[in-house]
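>>> Sequence and predicted model, in that order:
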Number of protein chains: 2
Amino acid sequence: MDSEQLRENAHKMVDFIADYYKSIENFPVLSQVEPGYLRELLPDSAPNQPETLQNVLDDVQAKILPGVTHWQSPSYFAYYPSNSSVAGFLGEMLSAGINMVGFSWITSPAATELEMIVLDWLGKLLKLPEGFLSTGQGGGVIQGTASESVLVVLLAARDRVLTKLGKNALEKLVVYASDQTHSALQKACKIGGIHPENCKLLKTDSSTNYALSPGLLSKAISDDISTGLIPFFLCATVLQLSGYILISVGTTSSTAVDPLLALGKIAKNNGIWFHVDAAYAGSACICPEYRCYIDGVEEADSFNMNAHKWLLTNFDCSALWVKDRNALIQALSTNPEFLKNKASQANMVVDYKDWQIPLGRRFRSLKLWMVMRLYGLENLQCYIRNHINLAKYFEGLVAADSRFEVVTPRIFSLVCFRLLPPSNNEDHGNNLNRDLLDAVNSSGKIFISHTVLSGKYILRFAVGAPLTEERHVIAAWKVLQDESTSLLGSL
Amino acid sequence: MDSEQLRENAHKMVDFIADYYKSIENFPVLSQVEPGYLRELLPDSAPNQPETLQNVLDDVQAKILPGVTHWQSPSYFAYYPSNSSVAGFLGEMLSAGINMVGFSWITSPAATELEMIVLDWLGKLLKLPEGFLSTGQGGGVIQGTASESVLVVLLAARDRVLTKLGKNALEKLVVYASDQTHSALQKACKIGGIHPENCKLLKTDSSTNYALSPGLLSKAISDDISTGLIPFFLCATVLQLSGYILISVGTTSSTAVDPLLALGKIAKNNGIWFHVDAAYAGSACICPEYRCYIDGVEEADSFNMNAHKWLLTNFDCSALWVKDRNALIQALSTNPEFLKNKASQANMVVDYKDWQIPLGRRFRSLKLWMVMRLYGLENLQCYIRNHINLAKYFEGLVAADSRFEVVTPRIFSLVCFRLLPPSNNEDHGNNLNRDLLDAVNSSGKIFISHTVLSGKYILRFAVGAPLTEERHVIAAWKVLQDESTSLLGSL
């Protein structure tokens, strides 16, 4: 690591990456390669002698980029957004440059303290209750992903109960969520040894806009208690883009419906840990007009949002807040001799190793700090509002074409829609939409994804890439219309 | 994310980071700040309006860097190395630039395929048995840390047994390791619901150089079986720097002692999953003369080494190989509708989401690929040998000063030593070495760490920072000698 070699080569890499962004619209959004393509292009083993950076960059251009699905393309509308920004990128660079491993406070006090501070900043932008800030018994921590966030709080909740009731209670522990929750919850339950049949995904339907019903939850809890089971964890997913739906829909102008509060009260009355997962929607809550979607979060024990989705912070940066940091520490701390040090022993500091699964951790708070400072709250709010307006615009385009249907009310920047089958045959409709998805994605012009809801195959159009402008939405709609015309014409 | 803004600002960041490396010797290695220092220097909340990059960089210089413990300093000899290199840094930049989330093959085929290829490359450099390569039923995957590596294989092993015996067998499952194993194993057991008393850390002592004795293991297994318990997992730690010692010591010139093979056979005979953790030592095994330290790995079910420790790959990059990838997938897969796609459904591809805890994942193979290509095997071998020679040199310096003792034979680039107490009083000796550690670390000139072995407080001197040269080792020894003289003089 010679500083002048670093300087020379890293400048080259900057230009390579800037050129990539300059030409990003020229690539097919969804990679069109076949499985196994790369093995045919690369040698079987590492070289004995060094190669030049130019060799490697040439290979990146010729062999790697064709196999990349361009999440940063302005025509990427699939899954959920995964934002990259100048500030986020600079933060990643600085973190990789310093390259320290901040498991304990002493291994880089700035890493721990900046993380506490920026999560307080972000918590305040989201108007989280004070109990989530690091000035009290709680605090925030950056996890890699929402999967890890839900896992660590599930383990904290599990061990809180097992400490009281003894380890053999494990087989009786019950988790609740809606059947629309993200698959990460089931994975967390599996990892933590919760019996699969005790991970109860309560049924939802269109009558409540796929929100979890407090009545249903109450009944499930009392039924379970009566059979000797032990309810201990509730996960509410606020506008999760992935599985699809959500609690707390309503219209954007209505704040009347607020299941979080009702769910939270049920949880509290039953001594259940209440986790609110707003991995995607959380970002929108920095705008006052959308904050209502997490009203009731004051009842939660933990809250998660992914700044790496829709808040211009490069992957990974999943922000998790808890009200009782000791519960995390009880479940996840280790204290081997070689990590002991005065500051930790004196309990004067936070050691984030005890808030997460891994020991080592990167200096991820730098990028979040730089995003907040280099853009400022007002620009971040504009950024969110712009995407929501673009999605609203797209929703209007879909609604104006009678061949299509907007399946559920648009949620923030996600539009769920489908091409209506000419006959009333649902199987036909599903095949038609599957074919439409394949057709638009293999055009390389746009990338969208799908889900299935109440048996219907539905297309998801998620606006959220930083480079997306109105012209890309218009162009995307044209691709969808043209492919539909062609599909319907061939029937 | 405007490409020209990116270009302009990222060039500035490159110069900032290159200047940091140029001046890295001017910083105290161990940060000397007090707990809470940063909160006094930063505002309470995020700004409404954007700030300039220069503002932020000024703050990094004035407020963040004083709170950094400089793992890249040439005088960093603590814990374990955490390498940064030009190639590793460029790989991180490129990965942050592309910023895709490669959970499934389709979300960026290049990310999955390059990872399979480079782990085959690295597996071949380590001469791992073919069963670990991706061309058969096994394969490699990049995890964040060794903690996650051991966790995922523990879960795979657990669920393999529970699938056969039923979920209620969980409370009977037993894990074995030596009492010198890394604390990550106990954490993994806790996460996976293994009863703490069934995580059996078998006693070691100096008679076997703190290696796990096959005889002791056999006896523990048969005792446990006879009481109805179910042995299912064995973790052997090869030269782990952290907890401290190790299996398979011998001298570097002897390959006679090879417990891995013996341990592996015991595991196989008892249907136990055998995991070999070579997080630190693995890097040295790219040199033919050190490969013997993992002889017997052919008996293992899984093998882990951290390229981010001592192989010039920026954090995080923990390489894990398994022989049966299906065991991982059985334990960790989820298959929600919104992630379904033709390539995955047809079983034509690897989806790494099913080999790890999180869903999302970064394009980490780029940096490992760049390290192997930009340095080449021969330079990497030289790099390892140079550190080992520096450690050997340091060991000689310690041995030549009768006030000190080399406590255990040097292992690769780690020297464990202590200042001998003038009296034969062990308590006094421990306090003396604790004081010596504090004195050298608070000088800011070097940073070393400690452990406790058989009741003795021992100093660890780990050579492994890329910038370390002989002059830094000499200077470090002078600091240690001077502080010792001063401590002994004040007695």
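Structure's in. What do you need? Numbers count the residues shown, from 1 in each chain, chains lettered A, B, ... in the order given.

>>> first to last residue in stretch A:139-152, what's the distance?
Taking C-alpha to C-alpha, to the nearest Å, the first and last residues of stretch A:139-152 lie 14 Å apart.

>>> And stretch A:66-73, by the same measure?
14 Å.

>>> try stretch A:406-426
End-to-end for stretch A:406-426, by C-alpha to C-alpha: 16 Å.

>>> ok, now stretch A:446-455?
Terminal residues of stretch A:446-455 are spaced 25 Å apart (C-alpha to C-alpha).

>>> Check the offset of it from the chain's centre.
How far stretch A:446-455 lies from its chain's middle: 17 Å, per C-alpha atoms, centre = their mean, to the nearest Å.

>>> contacts for stretch A:167-177?
A:154, A:158, A:161-162, A:185, A:189, A:193-195, A:198-202, A:212, A:217, A:220-221, A:224, A:228-237, A:272, B:167-168, B:170-171, B:193, B:195 (C-beta atoms under 8 Å, 6 or more residues apart in numbering or on different chains). Heads up, the C-betas are built off the backbone N, CA and C, glycines and all.

>>> So among the residues you listed, which ones count as buried?
With burial judged by 16 or more other C-beta atoms under 10 Å in any protein chain shown, the buried subset of those is A:154, A:158, A:161-162, A:185, A:189, A:193-195, A:198-202, A:212, A:217, A:220-221, A:224, A:229-237, A:272, B:167, B:170-171, B:193, B:195.

>>> does chain B sit close to the lengthiest helix in chain A?
In chain A, with assignment by DSSP state H, the single longest helix is helix A:365-399. Yes: among the residues of helix A:365-399, A:366, A:369-370, A:372-379 lie within reach of chain B under C-beta under 8 Å from any C-beta of the partner chain.

>>> Show me what that helix is packed against.
Here helix A:365-399 touches helix A:86-98, helix A:109-125, helix A:307-310, strand A:404-406, strand A:414-419, helix A:470-489, helix B:53-59, going by 3 or more C-beta pairs under 8 Å, 6 or more residues apart in numbering or on different chains; DSSP states H and E.

>>> Ok, which of these comes nearest A:Ala327?
Taking C-beta to C-beta, helix A:109-125 is the member of the helices and strands packed on helix A:365-399 nearest to A:Ala327, at 17.1 Å.

>>> Report the distance from stretch A:133-143 to the chain centre.
Centroid separation for stretch A:133-143 versus its chain: 19 Å, with C-alpha atoms, centre = their mean.

>>> Is any residue of it near chain B?
No: against chain B, stretch A:133-143 shows no contacts by C-beta under 8 Å from any C-beta, the least distance being 8.5 Å.

>>> contact partners of that stretch?
If you take C-beta under 8 Å, 6+ apart as the criterion, stretch A:133-143 is touched by A:115-117, A:119-120, A:122-124, A:130-132, A:149, A:152, A:304, A:317-326, A:328, A:350, A:352, A:355-356, A:364-365, A:368.

>>> are any of the residues you listed buried, and which?
Applying 16+ other C-beta under 10 Å to those flags A:115-117, A:119-120, A:122-124, A:131-132, A:149, A:152, A:304, A:317-325, A:328, A:350, A:352, A:355-356, A:364-365, A:368 as buried.

>>> Within the helices and strands, which one has the spatially closest residue to A:Gln481 that is not a sequence neighbour?
Once flanking residues are discounted, A:Gln481 sits nearest to A:Asp401: 6.8 Å by C-beta to C-beta, 6 or more residues apart in numbering or on different chains. Assigned by DSSP states H and E, A:Asp401 belongs to no helix or strand.

>>> hang on, isn't A:Asp401 packed against A:Asp482?
No: using C-beta atoms under 8 Å, A:Asp401 makes no contact with A:Asp482, being 11.9 Å away.

>>> how about A:Glu25, what does it touch?
So A:Glu25 contacts A:73-75 (C-beta under 8 Å, 6+ apart).

>>> May I see those residues arranged in TSV, with pLDDT, secondary structure and distance to chain B as well?
Below are the contacts of A:Glu25 laid out as TSV (pLDDT from 0 to 100; DSSP: H, G, I helix; E, B strand; the rest coil; distance: C-beta to the nearest C-beta, whole Å):
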residue	pLDDT	secondary structure	distance to chain B
A:Ser73	98	coil	10
A:Pro74	98	coil	10
A:Ser75	98	coil	14
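
>>> just those residues now: which is nearest B:Ser413?
Using C-beta to C-beta, A:Ser73 is the member of those that sits closest to B:Ser413, with 45.0 Å.

>>> What distance do you get for the closest one to B:Gly264?
Distance of A:Ser73 to B:Gly264, given as C-beta to C-beta, to the nearest Å: 48 Å.

>>> thinking again about what came up before, so which of the buried ones among the contacts of stretch A:167-177 sit within strands?
A:199-202, A:230-237 (DSSP state E).

>>> what's the farthest-apart pair in those residues?
A:Ile230 and A:Thr237 (22.5 Å).

>>> and the longest helix of chain A with helix A:86-98, angle?
150 degrees (axes from the mean of the first three to the mean of the last three C-alpha atoms, to 10 degrees).

>>> okay, the angle between helix A:365-399 and strand A:414-419?
Here helix A:365-399 runs at an angle of 30 degrees relative to strand A:414-419 (the same axes, to 10 degrees).

>>> average pLDDT across helix A:365-399?
Per-residue pLDDT values across helix A:365-399 average out to 98.

>>> thought A:Glu395 was touching A:Ser413?
No: A:Glu395 is not in contact with A:Ser413 according to C-beta under 8 Å; the separation is 10.0 Å.

>>> between the two, which one's more packed in?
Remark: of A:Glu395 and A:Ser413, A:Ser413 carries more neighbours, 29 against 18, as counted by other C-beta atoms under 10 Å in any protein chain shown.

>>> Near chain B, which residues of the stretch 251-400 of chain A are found?
So the stretch 251-400 of chain A meets chain B at A:308, A:314-316, A:331-332, A:334-339, A:342-343, A:348-349, A:357-360, A:362, A:366, A:369-370, A:372-379 (C-beta under 8 Å from any C-beta).

>>> Now do A:Leu155 against chain B, distance only.
6 Å (C-beta to the nearest C-beta, to the nearest Å).

>>> scratch that, A:Asp438 is what I was asking about
8 Å.

>>> so the helix or strand hosting that residue versus strand A:414-419, what angle?
Using DSSP H and E, A:Asp438 sits within helix A:426-442. Calculated by the same axes, to 10 degrees, helix A:426-442 forms an angle of 120 degrees with strand A:414-419.

>>> rewinding a little: out of the helices and strands packed on helix A:365-399, which one sits most buried?
Each of the helices and strands packed on helix A:365-399 was scored by mean neighbour count; the highest is helix A:307-310, a mean of 29, by mean count of other C-beta atoms under 10 Å in any protein chain shown.

>>> chain center to that one, what's the gap?
Here helix A:307-310 shows a centroid-to-chain-centroid distance of 7 Å under the convention C-alpha atoms, centre = their mean.

>>> helices or strands next to it in the packing?
strand A:318-322, helix A:365-399.

>>> my guess is A:Leu311 contacts A:Val371, does it?
Yes: using C-beta under 8 Å, A:Leu311 makes contact with A:Val371 at a distance of 6.8 Å.

>>> how many neighbours does A:Ala18 have?
The local packing of A:Ala18 (other C-beta under 10 Å) involves 21 other residues.

>>> A helix includes it, no?
Yes: applying DSSP: H, G, I helix; E, B strand; the rest coil, one finds A:Ala18 inside a helix.

>>> residues in contact with it?
With C-beta under 8 Å, 6+ apart, A:Ala18 has these contacts: B:3-4, B:6-7, B:10.

>>> Mind giving me the ChimeraX command for buried ones among the residues you listed?
Entered in ChimeraX, the line below selects the buried ones among these, by 16+ other C-beta under 10 Å:
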select /B:3,6,7,10
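
>>> quick one, what contacts the residue nearest to A:Asp15 when sequence neighbours are not counted?
Excluding the flanking residues, the one nearest A:Asp15 by C-beta to C-beta, 6+ apart is B:Arg7, at 6.7 Å. The contact partners of B:Arg7, taken as C-beta under 8 Å, 6+ apart, are A:14-15, A:18.
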